[in-house]
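Trainee: take this sequence and fold it.
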Amino acid sequence: MKLFGKVEEINVRYTVIKTFDRRRVIVPNSMLVNTPVKTLKTEPLLR
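Mentor: Reported below is the predicted structural model:
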């Protein structure tokens with residue numbers, strides 16, 4: 001499953017991702033743990 005978007009909410013059982021076409025997708029956390037996730041970030045890290 002290829003999914004691109006911004007993490008909007010993290011709960012105990014699921015994570016809500018808002019896609020670039022403004023859809024909210026609910027992804028079970030078990031899927032995020034068992035599949036590779038690539039993080040893309042354009043903002044600098046805060047220290």
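Trainee: what about the strands in the chain?
Mentor: 5-10, 14-19, 24-28 (DSSP state E).
Trainee: list the contacts for the residue most central in space within the chain?
Mentor: Against the mean C-alpha coordinate of the chain, by C-alpha atoms, centre = their mean, the closest residue is Val7 at 4.1 Å. Val7 sits next to Thr15, Val16, Ile17 when contact means C-beta atoms under 8 Å, 6 or more residues apart in numbering. In this view, the C-beta of every residue, glycine as well, is placed from N, C-alpha and C.
Trainee: distance check, the first one against Arg22.
Mentor: The one in question is Thr15. Thr15 is 17 Å from Arg22, where distance means C-beta to C-beta, to the nearest Å.
Trainee: out of these two, which sits in the busier spot?
Mentor: For Thr15 and Arg22, the more surrounded residue by other C-beta atoms under 10 Å is Thr15, and the numbers stand at 17 against 7.
Trainee: so for Leu45, what's the pLDDT?
Mentor: pLDDT, Leu45: 68.
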